[in-house]
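Enquirer: structure, please.
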Amino acid sequence: MSELIDKIIDYFKWPIAIYMFISLPSLLKSFEFFNWTTFKFIALFIGLVCFIFVKISMDPSMRVNMQVLAHELSHSIFALLTFHKVKHLHINADDTGGEMGFTGRGNFLIVIAPYFFPFFALIYMVVMSFLPDHYMYNGLLGFFLGYHLDTVLSQIHPKQTDLPKVGYLFCFLFLPGINLFVIGSILAFNSRGWGGMADYILLINRLNFEFIHQALEYIKTINPF
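Expert: Numbering: from 1, shown residues only. Predicted coordinates:
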């Protein structure tokens, strides 16, 4: 079963990468649709600033261990979601990283997951769904958003061993777009919960259609034949 799922997922590897790349203009424009002056966004940004102060005061080894934990758990979650059995997961005691192992060949989502998947933020968003509406919770979401951004940015570098496994061209096409999409989705959730995220996806698709239509119209003006 896992081998079949791996083949299907890897079949869509490059189409997904190209889609995220051509969606970059839409993803960037989508941030214009947010009302940044609401109390929910003010609370979110306060939480983001609080994360920065916590990061500065946090022991470096503790911060690294938390990043490694999120990294390996992201690998593990996508392994489980694609029907692979996780054999082991551990964090090195000397702050040099960690390792997880799973059965089967695997797929590109398992490899690339830590570089876009907001593990702790997503867990908090699920919990937040059951909490009463309060700006304090939006502030905590900002804290987890800051943690996610810090984790992703700190892990994307030339010495990272996961990136060559999926290819640097793929990373160039896929990672900027998917990370903007994740950020936009979290911001949409901050505004109106899961319904906001659904509307955000529809917005991206609509903007993509508009940009493609504009591009085709421009091509017609250059070469009317």
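
Enquirer: and E210, that one's in a helix?
Expert: Yes: counting by DSSP: H, G, I helix; E, B strand; the rest coil, E210 is part of a helix.

Enquirer: count of neighbours near it?
Expert: A count of nearby residues for E210, using other Cβ atoms under 10 Å, gives 13. Backbone N, C-alpha and C define where each C-beta goes, glycine included.

Enquirer: can you check M66 too?
Expert: Per other Cβ under 10 Å, the neighbour tally for M66 reads 16.

Enquirer: distance of the most centrally placed residue in the chain relative to H134?
Expert: Note on the chain: the residue nearest the mean C-alpha position is F116, at 3.1 Å, using Cα atoms, centre = their mean. Using Cβ to Cβ, to the nearest Å, one obtains 29 Å as the distance from F116 to H134.

Enquirer: tell me what the helix or strand hosting F51 is packed against?
Expert: Element membership of F51, judged by DSSP states H and E, is helix 39-57. Applying 3 or more Cβ pairs under 8 Å, 6 or more residues apart in numbering; DSSP states H and E, we find helix 39-57 packed against helix 135-155, helix 168-222.

Enquirer: kindly recompute the last result at 6 Å.
Expert: With contacts taken as 3 or more Cβ pairs under 6 Å, 6 or more residues apart in numbering; DSSP states H and E, helix 39-57 sits against helix 135-155.

Enquirer: quick one: the helix it packs on to helix 168-222, angle?
Expert: Relative orientation of helix 135-155 versus helix 168-222 (axes from the mean of the first three to the mean of the last three Cα atoms, to 10 degrees): 100 degrees.

Enquirer: show me the contact partners of helix 135-155.
Expert: Under the contact criterion Cβ atoms under 6 Å, 6 or more residues apart in numbering, helix 135-155 has outside partners 39-40, 43-44, 46-48, 50-51, 67, 70, 115, 118, 120-121, 124, 128, 131, 186, 190.

Enquirer: type out the PyMOL command that picks the buried ones from the residues you listed.
Expert: Per 16 or more other Cβ atoms under 10 Å, the buried members of the contacts of helix 135-155 correspond to this PyMOL selection:
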select buried, resi 40+43+44+47+48+51+67+70+115+118+120+121+124+128+186+190
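
Enquirer: okay, now the unreliable bits of this structure?
Expert: For the chain, applying pLDDT under 70 flags the ranges 60, 92-98, 223-225.

Enquirer: again, only using 90
Expert: Within the chain, the set of residues satisfying pLDDT under 90 comprises 1-4, 6, 54-73, 75, 84-106, 133, 151, 153-162, 212-225.

Enquirer: hmm, back to that, surely the residue nearest to the centre of the chain meets N179?
Expert: Yes: taking contacts as Cβ atoms under 6 Å, F116 lies within contact range of N179: 5.3 Å.
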